[in-house]
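[1] Got a predicted structure here, sequence first:
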Amino acid sequence: MRKHTSAIMFGLTVALLAAVLVAVSVGPVKISIPVILKMLLHKLSIYNNTAGWQTTQELIIFQVRLPRVLGGVLVGAALSTAGVLFQGLFRNPMADPYIIGTAAGAAFGATLAMLLPLSLVFYGFGLVPIAAFLGALGSVVTVYRLARFGGKAPIVSMLLAGFVMSSFLVAIVMLLLTMSDRLGLRIQQVFAFLMGGISVTYWQQIAVIAPLVLIGIIVTQFFAGHLNAFSIGEEGAAYLGIDVEREKMIILGIGSLLTACAVSLGGLIGFVGLIMPHAMRLILGPDHRLLLPASALAGASFLVIADLLARTLLSPAEIPVGVLTAIIGAPFFIYLLRRSRREYAF
Amino acid sequence: MLSELNNLLFQDASFSYANGFALHHINLFVPYGQMVGLLGSNGSGKTTLLRLATGVLTPAEGDVSVGGVSLKKLLRRAVAQRIAVVPQQFNIPFAYTVEEVVLLGRTPFVRGLAGESKRDRQMVSNALELTGMIGFRNRYFNDLSGGERQKAVLAMALAQEPTLLLLDEPTSHLDISHQVEILELLRKLNREKKVTVVAAMHDLNLAALYFERLVLLNHGLVFADGSPDEVITKEIIQQVFSATVEVTRHPKVPVPQIVLLLPDSKLNR
């Protein structure tokens, strides 16, 4: 059993590394993987022969492609992990990272930021991603407080409050869009955010988001066993010794933080956070102790590949990655659903 | 010592929901190793009483304690190491195997990142063995029949190594053979493992057959409390359930059994 588990984790890790290398290698200027490996070794001062590549190639790799690909890794891992957390906690197959208002909050924040005649860069982040990050978290906190009554935040109340909050904020975004002429709002820019696309221009962005995402993913591992207990419902979880309200708040907090991180790097990329957890559950079963890390790795690989296709298929034009995740993800998921040996009993 | 440590005590415990339903001044002492059937019509307060005993509800007045410790003072984890619950509804929306479900019973004993220990595995095996579910360990829980599911849930509760087992209508929805199987299992646990059992029951005849003590609730009050002979009487049943019954003796076991009489109008058809 244990051997089986570590083999799967090893395989997923290798797949992720391979996806990253391929994604870094492919582009308008093709740079072979061996050359990239040599460049990396040189950067790490292990290998000191700089023959075999040009400075421009090194710039493309380190200043353009690698940050973007790593951005994809972080976004994919964060969204998949958040998806597992929310599906597990809500015991709901339709739950995704955006279910309790994060997406609408992010869209609202981002649109407001686009209206402001301000431009600032803070740790490599522009105003729009910062506003999206804050909008996502602000929305979840509001939803949680709305749903909380008498020391408890029942899941049904939270889902409903999340739905209402989302509808409200989306309506405001729509209102702003209809007034775009008068407000000087660029519809294209809003649209690009809503479709999602990895945008990493500075290493600083990775430096800020990577620790948050990594810590978030590591902390979820401590709650993996308890998420299994949540599978039998909140009351059942309480009978198994879980301080339900406290842990629910922590799990929601981590899931929302991960989602906000993803949104700040990639806008609203759909489907990854819904489908990757399901796909891993079909292959590996529902045990969250395995499901969480496996989904993080698989989600990261999936998004790196989707982003690679997004920027190369119609090059030099770029397809919104959120469109591609659904276009590749849906058939892949249907295939898994049809051949899975685990009956999908939701 | 044991009898001091492991018991369930309601001291003048009252509780009311926002909708007005309430339990009033419940006084109940369940000593270590007893097997108690909780009776009462729908809405009489059986489930509420069980929830108070699990600590997920806290009495507004009075106190509920287990093993001499007030449940208010215990962390959920500590409660779950003593008390296991078989709820009325148990559904799991993912494809867990029976063994994985039973392993959930070890949740209060597993800490942080540490996976399950050898002892955890052993307790899971024992619980599967005891409930006769060992052959089903790799089956999906959701593929099981109602009776098998109930045994798997019971195995999960046993994996918690409880001293007190609370069950909310463990035999409803089951056919006669599974009802008997579950109750035989409870009796075996009670006698061999010295687990204190408190179960809400609807079937008065089964309750009289299997439980040494019956507690009858009516409108949030303890209406009768005693041996089956003391609780299952014609007068009490008619008063609490508004049903016309005749109380007879079981042909083989010295306990009362009821026979339902139809209301007069229907007798004449």
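    Thanks, I have the structure now. Residues are numbered from 1 along each chain as shown, chains lettered A, B, ... in the order given.
[2] Now do the same for the residue of the stretch 201-346 of chain A found nearest chain B: helix, strand or coil?
    In the stretch 201-346 of chain A, the residue that lies nearest chain B is A:G241 (3.0 Å; Cβ to the nearest Cβ). Every C-beta, even on glycine, is put in place using the N, C-alpha and C of the backbone. For A:G241, the assignment made with DSSP: H, G, I helix; E, B strand; the rest coil gives coil.
[3] can you check the one 10 residues further on too?
    Following three-state DSSP, we place A:I251 in the helix state.
[4] after the lengthiest helix in chain B comes which helix or strand?
    Longest among the helix segments of chain B by residue count, using DSSP state H, is helix B:176-192. Next in sequence after helix B:176-192, counting helices and strands by DSSP states H and E, comes strand B:196-200.
[5] Let me see the ranges of the helices in the stretch 1-150 of chain B.
    For the stretch 1-150 of chain B, the helices defined by DSSP state H, counting those that start in this stretch occupy B:2-5, B:46-54, B:76-80, B:98-104, B:118-130, B:146-159.
[6] so which of the ones you listed gets nearest A:A153?
    helix B:76-80 (16.8 Å; Cβ to Cβ).
[7] Quick one: list the elements packing against that closest one.
    Applying 3 or more Cβ pairs under 8 Å, 6 or more residues apart in numbering or on different chains; DSSP states H and E, we find helix B:76-80 packed against no helix or strand.
[8] gap between it and the chain center?
    18 Å (Cα atoms, centre = their mean, to the nearest Å).
[9] One more: stretch A:207-225?
    12 Å.
[10] and it, does that touch chain B?
    Yes. Using Cβ under 8 Å from any Cβ of the partner chain, stretch A:207-225 reaches chain B at A:221-222, A:225.
[11] Likewise for stretch A:148-166?
    No. Against chain B, stretch A:148-166 shows no contacts by Cβ under 8 Å from any Cβ, the least distance being 8.6 Å.
[12] so how many other residues sit close to the residue nearest to B:F94 when sequence neighbours are not counted?
    Leaving out its chain neighbours, the residue that sits closest to B:F94 by Cβ to Cβ, 6 or more residues apart in numbering or on different chains is A:P286, at 3.6 Å. For A:P286, the count of nearby residues is 24 (other Cβ atoms under 10 Å in any protein chain shown).
[13] On the three-state scheme, A:P286 is what?
    Relying on three-state DSSP, one would call A:P286 coil.
[14] Just send the helices of the stretch 1-150 of chain B back as JSON lines, with mean neighbour count and mean pLDDT too.
    Converted to JSON lines, those look like this (neighbours: other Cβ atoms under 10 Å in any protein chain shown; pLDDT from 0 to 100):
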{"stretch": "helix B:2-5", "mean neighbour count": "11", "mean pLDDT": "50"}
{"stretch": "helix B:46-54", "mean neighbour count": "23", "mean pLDDT": "94"}
{"stretch": "helix B:76-80", "mean neighbour count": "20", "mean pLDDT": "94"}
{"stretch": "helix B:98-104", "mean neighbour count": "25", "mean pLDDT": "96"}
{"stretch": "helix B:118-130", "mean neighbour count": "17", "mean pLDDT": "94"}
{"stretch": "helix B:146-159", "mean neighbour count": "24", "mean pLDDT": "95"}
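[15] mind listing what A:M179 touches?
    By Cβ atoms under 8 Å, 6 or more residues apart in numbering or on different chains, the residues touching A:M179 are A:L185.
[16] Got the confidence number for it?
    pLDDT recorded at A:M179 is 90.
[17] and B:Y96, what does it touch?
    Here B:Y96 is in contact with A:228, A:231, A:285-287, B:140-142 (Cβ under 8 Å, 6+ apart).
[18] Please tell me how far it sits from A:L183.
    B:Y96 sits at a distance of 52 Å from A:L183 (criterion: Cβ to Cβ, to the nearest Å).
[19] so is the spatially most central residue of chain A in a helix, a strand, or just coil?
    Nearest to the mean C-alpha position of chain A, by Cα atoms, centre = their mean, lies A:L79 at 2.7 Å. What three-state DSSP gives for A:L79 is helix.
[20] didn't it look like it was pressed against A:G299?
    Yes. Checked against Cβ atoms under 8 Å, the pair A:L79 and A:G299 is within contact range at 6.1 Å.
[21] so what sits against both of those two?
    A:272-273, A:276.
[22] could you flag which of those residues are buried?
    A:272-273, A:276 (16 or more other Cβ atoms under 10 Å in any protein chain shown).
[23] and these as TSV, adding secondary structure, pLDDT and distance to A:G105?
    Below are these laid out as TSV (DSSP: H, G, I helix; E, B strand; the rest coil; pLDDT from 0 to 100; distance: Cβ to Cβ, whole Å):
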residue	secondary structure	pLDDT	distance to A:G105
A:V272	helix	93	19
A:G273	helix	94	15
A:M276	helix	93	22
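[24] which one among the residues you listed gets closest to B:V222?
    Distances from B:V222 to those, taken by Cβ to Cβ, are shortest for A:G273, at 51.3 Å.
[25] As CSV, the residues of stretch A:207-225 next to chain B with neighbour count would be great.
    Shown next, in CSV, are the residues of stretch A:207-225 next to chain B (neighbours: other Cβ atoms under 10 Å in any protein chain shown):
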residue, neighbour count
A:Q221, 16
A:F222, 12
A:G225, 24
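[26] Of these, which belong to helices?
    Using DSSP H, the residues of stretch A:207-225 next to chain B in helices are A:221-222, A:225.
[27] List the residues that contact the residue of the stretch 201-346 of chain A closest to chain B.
    B:75-81, B:107-108.
[28] got it, and A:E235?
    Counted by Cβ under 8 Å, 6+ apart, A:E235 has contacts B:56, B:87.
[29] Ok, B:S65 next?
    Counting by Cβ under 8 Å, 6+ apart, B:S65 has contacts B:8-9, B:11, B:71.
[30] Which of these fall within strands?
    B:8-9, B:11 (DSSP state E).
[31] Ranking by neighbours, what's the top pick from the residues you listed?
    That'd be B:L8 among those, by other Cβ under 10 Å, with 24 neighbours.
[32] pretty sure that one contacts B:G55?
    No. Counting by Cβ under 8 Å, B:L8 stays clear of B:G55, with 11.0 Å between them.
[33] Now the common contact residues for those two.
    Contact criterion Cβ under 8 Å, 6+ apart; residues shared by B:L8 and B:G55: B:V64.
[34] Spell out which residues of the stretch 201-346 of chain A are next to chain B.
    So the stretch 201-346 of chain A meets chain B at A:221-222, A:225-226, A:228-229, A:231-233, A:235-236, A:238-244, A:281, A:285-287, A:289, A:342-346 (Cβ under 8 Å from any Cβ).
[35] Pull out the buried residues from the residues you listed.
    A:221, A:225-226, A:228-229, A:231-233, A:236, A:238-242, A:244, A:281, A:285-287, A:289, A:342.
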